[in-house]
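> Show me how the following folds:
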Amino acid sequence: MGSPDDPAAASTEAASPRARKAGFPKLAAAVLLGVALIYHGLLGGAPPQPTSAEALAAHPDWADAPPAAPLPASAPLRIRIPAISVDAPLTGLHLDRQHHLLPPPDEQRNLAGWYTGGAAPGTVGAAIIAGHVDNAHGPAVFYGLGSLHRGDTVSILRRDRRTATFRVDGIDVYSRKSFPDRKVYGPTPYPELRLITCGGGYTRASGYLGNVVVFAHLVTAASP
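The predicted model follows:
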């Protein structure tokens, strides 16, 4: 990660001056995370990719699952996605001096990371959680992310012992050259969640060509 020819370098264009002026430079810069995730490539076969039927609608219908009231801030400790058998601890993710969001350690296959400079899961805004699709030994924590469907759930266990459960609204795959930073990282009026990993095809020359992004909103918050 970080050489002139890798996806992290190519992604710097996504953090546009317009995005920085919009008041969320750290979130705009965090687009670098998705395309900087590990791309050792296809050791477990190509990861599943979302179909167009699962894409985020322009105006998602929340009539049967209205947004829950926001929670106070509390650090997330664990993520569970029953549909793809994910049950993993969360670590904090930070920006380096060049405003690249440092990914989770790639040697830990069952570990995802939460961007501590953004919203905490359950608070108003788009909380960002990212994980590797694979590492040098095979599939990693978010390998199956592209196989999720609308209506699947994602639960976040928080330090305050509440469990914030989100409902998936859509799953999209984006080219790293046209990553929609505002759509993914921009401010939201409700508690929402973004899950990000690599995807969009793979070549040995450039690694994964894009990112899989899951969009979800908070539907329940269970107290201990």
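> who does Ser175 bridge with?
Gly210 (DSSP bridges).
> And it, how close does it get to Leu218?
Distance of Ser175 to Leu218, given as CB to CB, to the nearest Å: 29 Å. C-beta here means a position set from N, CA and C on the backbone, and glycine is covered the same way.
> ok, these two, which is more surrounded?
Neighbours were counted for Ser175 and for Leu218 using other CB atoms under 10 Å; Leu218 has more, 27 against 12.
> Quick check: bridge partners of the more buried one?
Phe166.
> show me what contacts it?
Shown in contact with Leu218 (CB atoms under 8 Å, 6 or more residues apart in numbering): 67-68, 70-71, 121-122, 164-166, 190-193.
> Recalculate using a threshold of 6 Å.
Residues near Leu218 by CB atoms under 6 Å, 6 or more residues apart in numbering: Pro67, Ala68, Gly122, Ala164, Phe166, Pro191.
> ok, the residue nearest to Val154 when sequence neighbours are not counted - how many residues close by?
Distances taken as CB to CB, 6 or more residues apart in numbering place Phe166 nearest to Val154, at 4.6 Å, with adjacent residues excluded. The local packing of Phe166 (other CB under 10 Å) involves 28 other residues.
> Closest one to Val86 out of the contacts of Leu218, please.
Phe166 (13.1 Å; CB to CB).
> which stretch of helix or strand covers Leu90?
strand 86-93 (DSSP states H and E).
> which outside residues touch that strand?
76, 78-80, 101, 104, 110, 112-116, 141.
> So for those residues, which is the shakiest by pLDDT?
Across the set of the contacts of strand 86-93, Leu101 stands lowest in pLDDT, at 74.
> Quick check: beta-bridge partners of it?
Leu95.
> if I look at it, how far off is Ala130?
8 Å.
> ok, now Thr165?
Thr165 sits 19 Å away from Ala130, going by CB to CB.
> again with Leu145
For Leu145 relative to Ala130 (CB to CB), the value is 10 Å.
> cool, Phe166 as well?
Separation of Phe166 from Ala130 (CB to CB): 15 Å.
> ok, now Pro191?
As defined by CB to CB, Pro191 lies at a distance of 18 Å from Ala130.
> quick one, helices of the chain?
Using DSSP state H, the helices of the chain run over residues 7-10, 17-21, 25-29, 31-36, 181-185.
> which of those has the lowest average pLDDT?
Ranked by mean pLDDT, those bottom out at helix 17-21, with a mean of 25.
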